[in-house]
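Participant: Okay, predicted coordinates and the sequence, questions at the end:
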Amino acid sequence: MEVRDERKQEENGKITASGLFKKIKSIKNIQVIVAIFIIAVALLIYSTVATGKAAEQSAAVTETSSSMDDEEERLASILGGIEGAGRVETMITRRDDEVVGVLVIAEGADDISVMLRLLEATTTAMGVDKHIVSVYTMK
């Protein structure tokens, strides 16, 4: 006696007989439409990832800028404590995380002794050579 399982054939028959399956099969160039859909999804995912990376880089640049501002303000505060310096503004220039220039502008820098003390204090505080530090008088 042979037993046949006809349930699978009935399920396959139902799927192929359904209206949706017939409509999909009748669409011409279905492969092109599916390929376009896959490309669209891939581009959507890529743009999301790229936007996230750009935001991270922007945040890193902002963080670096604000830390440099803090360092410049701290240096200006220290130099402002030197006798005769008056109001002081500083700018620190970096290239590849290395200090390549320091600009100091102070009200009292017209006095040569104050200028020399500002220069010495800046080179000591920054740990740089004197040739990359410039001290000028504020107007």
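Facilitator: Now that the structure is in, tell me what you want to look at. Numbering: from 1, shown residues only.
Participant: List the buried residues for stretch 72-87?
Facilitator: Buried residues in stretch 72-87, defined by neighbour count with 16 or more other C-beta atoms under 10 Å: 72, 75-76, 78-80, 82, 85-86. C-beta here means a position set from N, CA and C on the backbone, and glycine is covered the same way.
Participant: Which parts of this structure are helices?
Facilitator: 7-17, 19-26, 30-80, 112-126 (DSSP state H).
Participant: Pipe the buried residues of stretch 72-87 into TSV and attach distance to Val104 per row.
Facilitator: Shown next, in TSV, are the buried residues of stretch 72-87 (distance: C-beta to C-beta, whole Å):
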residue	distance to Val104
Glu72	10
Leu75	8
Ala76	8
Ile78	11
Leu79	6
Gly80	10
Ile82	10
Ala85	9
Gly86	12
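Participant: List just the nearest of those to Met126.
Facilitator: Using C-beta to C-beta, Leu75 comes nearest to Met126 of those, at 7.1 Å.
Participant: who are the neighbours in contact with the closest one?
Facilitator: For Leu75, the contact set (C-beta atoms under 8 Å, 6 or more residues apart in numbering) comprises 90, 92, 102, 104, 122, 125-126.
Participant: Give me the buried entries from these.
Facilitator: Listed as buried from these are 90, 92, 102, 104, 122, 126; burial here means 16+ other C-beta under 10 Å.
Participant: What's the per-residue pLDDT of the fifth one here?
Facilitator: So the one you mean is Thr122. Here the pLDDT value assigned to Thr122 is 96.
Participant: what do you get for Tyr46?
Facilitator: Looking at Tyr46, its pLDDT stands at 82.
Participant: who's in contact with it?
Facilitator: Neighbours of Tyr46 in contact, by C-beta under 8 Å, 6+ apart: none.
Participant: mind starting the numbering at 407 from now?
Facilitator: I'll keep to 407 as the first residue from here, and by that count the last item is Tyr452.
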